[in-house]
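# Here is my input, please return the structure:
(chains A and B)
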There are 2 protein chains.
Amino acid sequence: METPTQTPTPLPPQPLVKPSKAMPTINVTLRFFTFIFLLIAMVIYSVDKGTMVLPDASTVGVRFSDIIAYRYVLSTIVIGLAYTLAQIPFTLYRIITGRYLMTGRSNILFDFYGDKFISYLLATGTAAGFGGTIDLRSALSGLGVGDFFNEAGAAASLVLIAFCFSAGSSIISSYQLSSTY
Amino acid sequence: METPTQTPTPLPPQPLVKPSKAMPTINVTLRFFTFIFLLIAMVIYSVDKGTMVLPDASTVGVRFSDIIAYRYVLSTIVIGLAYTLAQIPFTLYRIITGRYLMTGRSNILFDFYGDKFISYLLATGTAAGFGGTIDLRSALSGLGVGDFFNEAGAAASLVLIAFCFSAGSSIISSYQLSSTY
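Numbering: from 1, shown residues only, chains lettered A, B, ... in the order given. Prediction:
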């Protein structure tokens, strides 16, 4: 009776995607590039100014805050910058201390939902940026604000690149849902 | 020697999120609603017409295809409709046959990336819809196309709702990455 009888143990379930040591390194790189592209986009929107020449030859200054869509894009950029900036030290800490694999259900879920939300937000940011540029540039063509809209379009492209990096982050943090360690 | 000695077996790793039988049912419901809202949005865009009264009192007909942003929104709607329509029978099949839990790495990954892509696409669709509406409506105010833009804005709201449902789908299919059965 001292040696308990043991039934054959079934193979433990294996996670679909094995978390690897490379993941946090990739993730911090992705977040770093998200941050950089958002920062450049923010600078471009901030300095983007134009002068609209009305039919009566009077002029009106135009800047990003005059376009509601651009104000929305700026909001998504600022939220994205704050989130990636806050995340980078945590990810670096995990790499430096060698604690590559996230532990704790709440950490994993925070990263999962955080990355998902921010990447959706940046997707809407870039689309609103393009949506508020292309047709408005046509509608206001001839008023001398072509360059203003071209620069805003370039900034929206940078938000698109930042979105791609953050979508990569979101894929990695989804994979970490299957981390069972 | 007939009874092999057994070392104590460590507890098998547990998936972070247990896949439940409710998930495919929730998922098919989410996809159904995504489909319905996209369908209504598509109809609204298709029938949305306006008449622009130019300063010289001549009139020009306006429909969704005249606004580049709306053409993009329509494209995302059509892709979203095709994807959800194709997914619904597969999910229903799993529920009806009782095979609630997805098996097969490729199935799980297809759902994960498919839902992720479609939800990002719909996020850009709704944002492009709003971005191409709000400022253009202001810029062209007084030309009699307010109602045209209001209806397009309503359609963009429906795409927003459809996006929320598809984001829910994407969360569920991310959780299924941790399904180890």
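# Spatially, which residue comes closest to A:Leu158, not counting chain neighbours?
Ranked by CB to CB, 6 or more residues apart in numbering or on different chains and with sequence neighbours excluded, the top spatial neighbour of A:Leu158 is A:Ala41, at 4.0 Å. (Each C-beta comes from the backbone N, C-alpha and C, glycine too.)
# what's near enough to touch A:Ile40?
Contacts of A:Ile40 were listed using CB atoms under 8 Å, 6 or more residues apart in numbering or on different chains, and they are A:Leu158.
# Tell me how far it lies from A:Leu160.
A:Ile40 is 12 Å from A:Leu160, where distance means CB to CB, to the nearest Å.
# likewise A:Arg71?
Look at A:Arg71 and A:Leu160: by CB to CB, they are 18 Å apart.
# What strand or helix carries A:Val62?
strand A:59-63 (DSSP states H and E).
# The following helix or strand past that strand near chain B at all?
Note on strand A:59-63: by DSSP H and E, the next helix or strand toward the C-terminus is helix A:68-96. Yes. For a cut-off given as CB under 8 Å from any CB of the partner chain, helix A:68-96 has contacts with chain B, namely A:Ile68, A:Ala69, A:Tyr72.
# All the strands of chain A, in order from the start?
Secondary structure of chain A (DSSP state E): strands at A:49-53, A:59-63.
# which of those strands is buried the deepest?
strand A:49-53 (a mean of 16; mean count of other CB atoms under 10 Å in any protein chain shown).
# Could you check the angle that strand makes with strand A:59-63?
Strand A:49-53 runs at 150 degrees relative to strand A:59-63, counting by axes from the mean of the first three to the mean of the last three CA atoms, to 10 degrees.
# Within the sheet, what are the partner strands of strand A:49-53, with directions?
With DSSP bridges as the test, strand A:49-53 is paired with strand A:59-63 (antiparallel).
# between the partner strand and helix A:68-96, how many degrees?
Per the same axes, to 10 degrees, the angle that strand A:59-63 makes with helix A:68-96 is 20 degrees.
# can you tell me the average pLDDT over strand A:59-63?
Averaging pLDDT along strand A:59-63 gives 90.
# Name the surrounding residues that touch it.
A:Asp48, A:Lys49, A:Gly50, A:Thr51, A:Met52, A:Val53, A:Leu54, A:Val145, A:Phe148.
# if I pick A:Leu30, what's in contact with it?
A:Phe165, A:Ser166, A:Gly168, A:Ser169, A:Ile172.
# cool, A:Thr34 as well?
A:Gly80, A:Thr84, A:Leu122, A:Ala162, A:Phe165, A:Ser166, A:Ser169.
# What of A:Phe35?
Contacts of A:Phe35 (CB under 8 Å, 6+ apart): A:Leu81, A:Thr84, A:Leu85, A:Ile88.
# And the buried ones among the residues you listed, selectable in PyMOL?
Per 16 or more other CB atoms under 10 Å in any protein chain shown, the buried members of those correspond to this PyMOL selection:
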select buried, chain A and resi 81+84+88
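# Please convert the contacts of A:Phe35 to a markdown table, extending it with distance to A:Phe32.
Shown next, in a markdown table, are the contacts of A:Phe35 (distance: CB to CB, whole Å):
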| residue | distance to A:Phe32 |
| --- | --- |
| A:Leu81 | 12 |
| A:Thr84 | 8 |
| A:Leu85 | 10 |
| A:Ile88 | 6 |
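# Need the contacts of A:Phe35 in a markdown table (columns: pLDDT and distance to B:Ser178).
Output for the contacts of A:Phe35, formatted as a markdown table (pLDDT from 0 to 100; distance: CB to CB, whole Å):
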| residue | pLDDT | distance to B:Ser178 |
| --- | --- | --- |
| A:Leu81 | 97 | 30 |
| A:Thr84 | 94 | 25 |
| A:Leu85 | 93 | 29 |
| A:Ile88 | 82 | 26 |
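# Of A:Arg71 and A:Leu160, which one has the most company?
The residue with more neighbours, out of A:Arg71 and A:Leu160, is A:Leu160; 19 against 14, by other CB atoms under 10 Å in any protein chain shown.
# How many neighbouring residues does the residue nearest to the more buried one when sequence neighbours are not counted have?
What sits nearest to A:Leu160 in space, not counting adjacent residues and going by CB to CB, 6+ apart, is A:Thr126, at 4.2 Å. By other CB under 10 Å, the residues close to A:Thr126 number 28.
# Could you pull up the residues touching A:Thr126?
For A:Thr126, the contact set (CB under 8 Å, 6+ apart) comprises A:Val73, A:Ala156, A:Ser157, A:Val159, A:Leu160, A:Ala162, A:Phe163, B:Thr124, B:Ala127.
# Likewise for A:Leu109?
A:Leu177.
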